[in-house]
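S.K.: below are the sequence and a predicted model for it; my questions follow.
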Amino acid sequence: MTIQVLDPSSEIATALSEAAPRLPSLAGKTIGFISNGKEGTAGYFGHLETLLKDEFGVGDVVFRVKSNYSAPADPDIVAEIPQWDAVISGVGD
């Protein structure tokens, strides 16, 4: 019996990028939450919003839900991202 092992990795090298710089403070900032739309994200993001506002002085939180939990964010959501100071994306299984 012969076993064939397949390598699913890509042979194409991807360009490395740098992480975005940290914000010096969250005070007064607008944070965008992008949810995959599953049930578990609602409670998590609600609690996180409270923490961010109460403990870090976040000014505003914007909630957006993807139309398909397994796909990238919808173009209209992606278009809004530059208006936010930071983005949190979550999975709620």
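M.R.: Yes, it's here.
S.K.: confidence-wise, which helix or strand of the chain is lowest on average?
M.R.: Every helix and strand in the chain was compared by mean pLDDT, DSSP states H and E; the lowest is strand 86-90, with a mean of 90.
S.K.: can you give me the helices in this protein?
M.R.: Using DSSP state H, the helices found in the chain span residues 39-56, 75-80.
S.K.: out of those, deepest packed?
M.R.: helix 39-56 (a mean of 14; mean count of other CB atoms under 10 Å). In this view, the C-beta of every residue, glycine as well, is placed from N, C-alpha and C.
S.K.: helices or strands up against that helix?
M.R.: strand 30-35, strand 60-65, strand 86-90 (3 or more CB pairs under 8 Å, 6 or more residues apart in numbering; DSSP states H and E).
S.K.: related to what we said a few turns ago, of the helices of the chain, which shows the lowest average pLDDT?
M.R.: With a mean of 92, helix 39-56 has the lowest mean pLDDT of those.
S.K.: just to revisit the earlier point, select, out of the helices and strands packed on helix 39-56, the one closest to Ala79.
M.R.: Nearest to Ala79 among those is strand 60-65; the distance by CB to CB comes to 10.7 Å.
S.K.: what mean pLDDT does the closest one get?
M.R.: 96.
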